[in-house]
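> My questions are about this predicted structure, shown below with the sequence.
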Amino acid sequence: MLARLWYGNPWLALPLLPLSLLYGILVWTRRFAYRVGLKRVHRFRAPVVVVGNVTAGGTGKTPLVIWMAHHLRSLGFRPGIVSRGYGGKASHWPQQVRPDSDPVTVGDEAVLLARRTGCPTCVAPDRAAAVEALLEHTDCNIVLSDDGLQHLGLGRDLEIAVVDGARGLGNGFLLPAGPLREPASRLKRVDLVISNGAWRREVPVMKVTGPRLVSLCHGRAAEVHALEEAAGNRVHAVAGIGNPQRFFDLLTAHGLEVVPHPFADHYDYRREDLAFEPDLPVLMTEKDAVKCRRFACDNHWVVEIDVEPDDHFVHNLNLLLRKLKDGQEAA
C-alpha cells in the first residue's frame, strides 16, 4: 500500500504530508543534537565506511558491501563488517557472526555477509557497540557498516549512499508520505553516491554480473548453472526483500517465465511457505536462502549475484581510501 503511494501518483500522498513535516522536524532535531554534542558520536581506532541509503526499503546495499569487502582486501586492507542484525532474536548483543551462524539468532543479512565475504562480522542494534566488539576480537583495520547512514551515533570516515535506479527517490516526500528517511539534499553531503541500475546521468552505476543458480539441496550443493541456462523455463520466484520486484525483473530479463511470490522483508520462512502448485523449480534470493537451507528440497535454488561498480565510482573510491590509509600510516 505505502509503495503505491511512494512510487505512484504523488497526489495520493498529500493527506500524509503533515506527518511528513513532523517527521522532518524530528530528523533535523536529532541531527542537530549530535552536531552540537548533546548526543555522543562514537569514534574508533579504525576507519568506518557506511554504506546506506536515504529511502526506506532495499536498494542493493548488501551486494555492494560484499563487493567492497573483496575490493578492500585487494588494496591491502583487513575489512570487518557490522550490521544491525535485523530480525535476529539473540538474547544479548553484540553477536559475532560466522558463515554457519543461525539467521534466526543474528539475522539473515549478517549470515549472508559472513558467507559471501569471509570477513569477521558482528551485529548489534547499537552499531557502535558492534564496531567496538569487532575491533576487540579481530585484527580488522577498516570497518564496513551495512546500512547505518541514519545511525548518527556511529562515527564514520566515509559515507556511500546507494539509490535504486528504477525507483529513484519516489515522490520525493519524507516518511510516511514518501520513501525518504532524510531529505534528498542529504545525498549532497555523502562522499559517494551510486545507483543500482541507471538513474541520473551524473550518478555512477553498479550492474549485476554473473547471476548463477546454485542448488540448495545438500546432496547437490556443488551444482551451479549460469542463470541464462534456465531461459524459457517456468519457475516459482520467492523474494522476501525490500523490493521483491527487482528480483522478479532480474529473472524475467534472463528469459525465465516467473510465477512471483513476494514476502515481507526478512520473512521467517517455514517449509510450507514454499509448497507451491504446480510443481516447478523454486528460485529465491540469497537473503531468503540462508533461512531456507535447513529444509531445502531438490527443486530449491538460490540465485547468487555479484555487482560491479563503474570505473568512475571505483576511481573516486580508491582516492578516498588512499587518504584513509595514509591517515592510518601517519597515526
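Happy to help now that I have it. Numbering: from 1, shown residues only.
> thought Gly80 was touching Thr121?
Yes. Gly80 is within contact range of Thr121, at 6.9 Å (criterion: CB atoms under 8 Å). C-beta coordinates here come from the backbone N, C-alpha and C atoms, glycine included.
> so what sits against both of those two?
Common neighbours of Gly80 and Thr121, counting by CB atoms under 8 Å, 6 or more residues apart in numbering, are Leu134.
> and Leu14, which of the three is it?
helix (DSSP: H, G, I helix; E, B strand; the rest coil).
> do Leu5 as well
State at Leu5, reduced to three classes by three-state DSSP: helix.
> Strands of the stretch 1-150 of the chain, start to end?
Taking DSSP state E, counting those that start in this stretch, the strands of the stretch 1-150 of the chain run over residues 48-52, 79-83, 95-97, 121-123, 142-146.
> between these, which one is nearest to Gly170?
Set against Gly170 and scored by CB to CB, the strands of the stretch 1-150 of the chain come closest in strand 48-52, at 16.7 Å.
> In PDB, list the C-alpha atoms belonging to that closest one.
The C-alpha trace of strand 48-52 is given here as PDB (Å, rounded to 0.1, in the frame of the first residue of the first chain):
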ATOM      1  CA  VAL A  48      34.500   3.200   9.400                       C
ATOM      2  CA  VAL A  49      32.800   3.200   5.900                       C
ATOM      3  CA  VAL A  50      29.000   3.400   6.000                       C
ATOM      4  CA  VAL A  51      27.100   2.000   3.000                       C
ATOM      5  CA  GLY A  52      23.500   3.200   3.300                       C
END
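> ok so, going back, turn the strands of the stretch 1-150 of the chain into CSV, columns for distance to Leu22.
Output for the strands of the stretch 1-150 of the chain, formatted as CSV (distance: least, CB to CB, whole Å):
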stretch, distance to Leu22
strand 48-52, 23
strand 79-83, 29
strand 95-97, 34
strand 121-123, 31
strand 142-146, 28
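> Deepest in the core, which of those strands is it.
strand 121-123 (a mean of 31; mean count of other CB atoms under 10 Å).
> Adjacent strands (with direction) for it?
Note on strand 121-123: by DSSP bridges, its sheet partners are strand 79-83 (parallel), strand 95-97 (antiparallel).
> Distance from the shortest one to the middle of the chain?
Centroid displacement of strand 95-97 relative to its chain, using CA atoms, centre = their mean, to the nearest Å, is 18 Å.
> before we move on, what about the first one?
Between the centre of strand 79-83 and the centre of its chain there are 13 Å (CA atoms, centre = their mean).
> do the same with stretch 136-143
The chain centroid and the centroid of stretch 136-143 are separated by 21 Å, computed with CA atoms, centre = their mean.
> what sits up against that stretch?
Stretch 136-143 is contacted by residues 44, 46-49, 72, 77-82, 96, 119-120, 122, 131, 134-135, 324, 328 when judged by CB under 8 Å, 6+ apart.
> do you know which of the strands of the stretch 1-150 of the chain lies nearest Val36?
Per CB to CB, nearest to Val36 of the strands of the stretch 1-150 of the chain: strand 48-52, 21.2 Å.
> quick one: average pLDDT of that closest one?
Here strand 48-52 scores 98 as its mean pLDDT.
> Now do that strand and strand 142-146, the angle between them.
Strand 48-52 and strand 142-146 are oriented at 20 degrees to each other (axes from the mean of the first three to the mean of the last three CA atoms, to 10 degrees).
> Note down every partner strand of strand 48-52 and its orientation.
Partners of strand 48-52 in the sheet, by DSSP bridges, are strand 142-146 (parallel), strand 158-164 (parallel).
> And the next helix or strand past the last one?
Heading C-terminal from strand 158-164, the first helix or strand you meet, by DSSP states H and E, is strand 192-196.
> So in that sheet, which strands flank that next one, and in what orientation?
Here strand 192-196 is paired, per DSSP bridges, with strand 158-164 (parallel), strand 205-215 (parallel).
> residues making contact with the shortest one?
In other words, strand 158-164. Outside strand 158-164, the residues that touch it by CB under 8 Å, 6+ apart are 47-55, 57-61, 64, 149, 169, 186-187, 189-197, 199, 203, 206, 243, 246, 317, 320-321, 324.
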